[in-house]
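# What shape does this take:
(2 chains)
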Amino acid sequence: MKSNFKQLMVPLLSVVIGLIFGAIIMLVFGYNPVEGYKALITGSLGNPFNIGQTIRAATPLIFTGLGFAVAYTAGFFNIGLAGQALWGWLISVWIGISLPDAPSWIVLPLAIIGGAVAGALWAGIAGVLKAFFDTSEVIVTIMLNYVAIYISDHIVRNVITDRADATPFVGQNASLRMQWLTDLTNGSTIHGGIFLALIFAVLVYILLQRTTVGFELKSVGFNKHAANYAGMNAKRNIILAMLLSGGLAGLGGVMNGLGEFRNVFLTNGVAPAIGFDGLAVALLGALNPIGIIFASLLFGGLKTGGTIMPLMAGVPSEIVEIATAAIIFFVGANYIITYFIDRREKSKLSNSDVIVQGGDD
Amino acid sequence: MVNLLALIVSSTLVYSAPLIFTAIGGVFSERSGIVNVGLEGIMVMGAFSSIVFNLFFAESFGSWTPWIGLLVGAVAGALIATIHASATVHLRADHIISGTVVNLAAPALAVFLTRVLFEQRGQTDIIRQSFGYFNFPILSDIPVIGRIFFQSTSLPAYVGILIAFICWFVLARTRFGLRIRSVGENPQAADTMGINVYAMKYAGVLLSGVFGGIGGAVLAQSISLNFSVSTIAGQGFMAMAAMIFGKWNPVGAMLAAIFFGFAQSLSVVGSQIPFIESIDPVYLQIAPYIITIIVLVSFVGKSSGPAANGKTYIKSK
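Numbers count the residues shown, from 1 in each chain, chains lettered A, B, ... in the order given. Predicted coordinates:
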């Protein structure tokens, strides 16, 4: 009970503190925080269209968030979500435009699986290097991000097209858009990927909580040597964790490819934002798949609403990113928040004359 | 041939300079036991603040402006590094999460301030007073060698090389250096010896902010010449890799930074080198990153980092 309470309170309080921090920055620079946040809320939830856009923005984040969580559970920091997502994005669109006449039930699964496999293999490189050479997965995945960016730009420019800045759009047969969803939200770009994302959140939850594979991954993350001693193959688990993580990140890219943009364009050296946002979402969601769904929706809302802030209230949209960073800061440094929660609980205990020996540390 | 070599050396030094300073900064942080993924964000703040200073004060300080810009960048880098220091040292945050926060916050803050200062635009004007190319007096007159190494070259790179040796001496031979290292290797023992573990870790992270800020300022004032969100574009991570490649030693990090600078300059000057011009540019673009990975796999031993790196130290009462 108590730890559940804490698990919920840390992210909730972090969000509150982060938003207050954003308000202070707005005040300092002479913007009206009430107007700013009013624009943010209207822009994210004000009408069916904006709600649709918020869900659309949340969809890939659920995947990249789950991807980060799986790797983190096994003790790895997968900072390469962006590069893995880019591969998923590229390959899914490539498959989509290569098969313009095939029926949907062939193209869609093929493009989705293709994107997932591409992301998995890219992350797998870091997993193999970690398993066999003990190479820092942080540095390797960051480097692989840049390699992915340049290769993807090269493929878009010289392989798929003849020196164009973007590929053609995928056909209706490879699109995740659903007419009834679009109609329901007054023509937003929401797409069917959200259902896939929710299904995968449940699958990952089951995998981590209810299966031997999940137990082994957690054991490796908790103590690699003990897991080895208990007869688990640490090397295999390291690689497996990175493959799963990269596959999920790749699916995040597929959401961009087949759902939102339906083509691939030049990145010009900038990694897809869903990578680092996925990391943030996973941390905010306490690495719990259900938590990640809610955190993704929050981030989706911040992103969609953030774009309205400059238009409606004249507030630069970067304020949202500053608040986001503050939120992650307090999630990461949860020691302050848990410290105050603990102190309150302790004072309650001492009221009822229970003596706690030891205390913290 | 001499002209070609001069071009390669000069552009290598231009691209190395920001990495040299930032990688040295990383060494101080990690030697004190704090992993610093936030070097990227620290460089962003250094680049932003130095460009703003440069734009507003170029007329008062003339050709000294970029050099004072380095100091401004150092202060800004140190300020943003205090976030990382307080989070990791006192608030027991995970080092990588905290570094990531710096990387999220710094570009957002810098672009926000750019919009506040430059009428909503996301990038600044171009500076007029940049580092430019430097000719060493006397040395540049030496035949061949002078042409290759000392004419139209990057002065910040030479300053960085000198500072690398000074920092090596500080870390290896001074009381302060010994204390930083002991805190990164075995904080409990250092504490027993009466060393203030927290203060040393703060010093390490703040020094990484100072040098990383200078690195960002060098880059902005010699390569990009303005500030936008893509000014730093991964150089902080490259510096981190240089630090690891250089085995957490200032001189090693400097040499690794020069190597990465060379790899980066290839994609710029490659078209003028007879053998390389026929290679598809994409290979030159990805070369530095692939080389980094190969280097990490093959040359860096398993346990060469500081023993207590990345661990939170909690003082027992």
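# Please determine how far B:A6 is located from chain A.
The gap separating B:A6 from chain A is 28 Å, by C-beta to the nearest C-beta, to the nearest Å. In short, each C-beta sits where N, CA and C put it, glycine included.
# Just to be sure, that residue is in a strand?
No: according to DSSP: H, G, I helix; E, B strand; the rest coil, B:A6 belongs to no strand; its state is helix.
# That one against B:F150, yeah?
No: using C-beta atoms under 8 Å, B:A6 is not in contact with B:F150, being 9.5 Å away.
# In stretch B:265-275, which residues are buried?
Within stretch B:265-275, the residues that qualify as buried are B:S265, B:L266, B:S267, B:V269, B:G270, counting by 16 or more other C-beta atoms under 10 Å in any protein chain shown.
# Now flag whichever of these is closest to chain A.
Taking C-beta to the nearest C-beta as the measure, B:S267 is the one of the buried residues of stretch B:265-275 closest to chain A, at 9.5 Å.
# Which strand or helix spans the closest one?
Using DSSP states H and E, B:S267 falls within helix B:250-269.
# can you list the residues that contact that helix?
B:7-8, B:11-17, B:19-20, B:22-24, B:26-27, B:160-161, B:164-165, B:167-168, B:171, B:238-239, B:241-243, B:245-246, B:273, B:276, B:281, B:284-285, B:287-288, B:291-292, B:295 (C-beta atoms under 8 Å, 6 or more residues apart in numbering or on different chains).
# ChimeraX command to pick out the buried ones of the residues you listed?
Applied in ChimeraX, the following selects the buried portion of those according to 16+ other C-beta under 10 Å:
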select /B:7,8,11,12,13,14,15,16,17,19,20,22,23,24,26,27,160,161,164,167,168,171,238,239,241,242,243,245,246,284,285,287,288,291,292,295
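# Going along the chain, name the helices of the stretch 51-200 of chain B.
According to DSSP state H, counting those that start in this stretch, the stretch 51-200 of chain B carries its helices in the segments B:65-85, B:95-117, B:145, B:155-173, B:175-185, B:187-192, B:197-219.
# give me every residue that touches residue 48.
You didn't say which chain, so I picked chain A. A:L184, A:T185, A:N186, A:S188.
# that's the wrong chain, I meant chain B
B:A76, B:A110, B:L113, B:T114, B:G216, B:A220, B:F227, B:T231 are the contacts of B:F48 under C-beta under 8 Å, 6+ apart.
# What helix or strand is it located in?
Secondary structure assigned from DSSP H and E places B:F48 in helix B:39-61.
# And B:T312, by the same measure?
Using DSSP H and E, B:T312 maps to neither a helix nor a strand.
# and what of A:M312?
A:M312 belongs to helix A:289-313 when assigned by DSSP H and E.
# which other helices and strands contact that helix?
In terms of contacts (3 or more C-beta pairs under 8 Å, 6 or more residues apart in numbering or on different chains; DSSP states H and E), helix A:289-313 is packed against helix A:2-28, helix A:33-45, helix A:48-73, helix A:193-210, helix A:274-284, helix A:318-332.
# could you check whether the worst-scoring helix or strand of chain A on mean pLDDT is close to chain B?
Lowest by mean pLDDT, DSSP states H and E among the helices and strands of chain A is helix A:335-351, with a mean of 72. Yes: interface with chain B: helix A:335-351 contributes A:Y335, A:I336 (C-beta under 8 Å from any C-beta of the partner chain).
# how far is that helix from where the chain is centred?
Relative to its chain's centre, helix A:335-351 lies at 32 Å (C-alpha atoms, centre = their mean, to the nearest Å).
# same deal with stretch B:208-228?
Here the centre of stretch B:208-228 is set off from its chain's centre by 8 Å, with C-alpha atoms, centre = their mean.
# hmm, back to that, the inter-axis angle of the helix holding B:S267 versus helix B:197-219?
Angle between the axes of helix B:250-269 and helix B:197-219 is 30 degrees (criterion: axes from the mean of the first three to the mean of the last three C-alpha atoms, to 10 degrees).
# Other residues contacting stretch B:107-121?
Under the contact criterion C-beta under 8 Å, 6+ apart, stretch B:107-121 has outside partners A:25, A:29, A:310, A:316, A:318-319, A:321-322, A:324-325, B:41, B:44-45, B:47-48, B:52, B:122-125, B:227-229, B:232.
# can you give me the helices for the stretch 101-250 of chain A?
Secondary structure of the stretch 101-250 of chain A (DSSP H, counting those that start in this stretch): helices at A:104-133, A:137-154, A:179-184, A:193-210, A:212-222, A:224-229, A:234-254.
# Can you tell me which of these is nearest to B:F211?
helix A:137-154 (19.0 Å; C-beta to C-beta).
# which of the residues in the closest one are buried?
Applying 16+ other C-beta under 10 Å to helix A:137-154 flags A:137-154 as buried.
# near chain B, from those residues?
Contacts with chain B are made by A:V138, A:I139, A:V140, A:I142, A:M143, A:L144, A:Y146, A:V147, A:Y150, A:I151, A:D153, A:H154 out of the buried residues of helix A:137-154, judged by C-beta under 8 Å from any C-beta.
# does the second one really touch B:T292, like I thought?
This means A:I139. Yes: with contact defined as C-beta under 8 Å, A:I139 counts as touching B:T292 (7.2 Å).
# Pull up the overlap in contacts between these two.
B:A241.
# Skipping its backbone neighbours, what lies nearest the most centrally placed residue in chain A in space?
In chain A, the residue lying closest to the centroid (C-alpha atoms, centre = their mean) is A:G278, at 2.1 Å. Nearest non-adjacent residue to A:G278, counting by C-beta to C-beta, 6 or more residues apart in numbering or on different chains: A:T64, 2.5 Å away.
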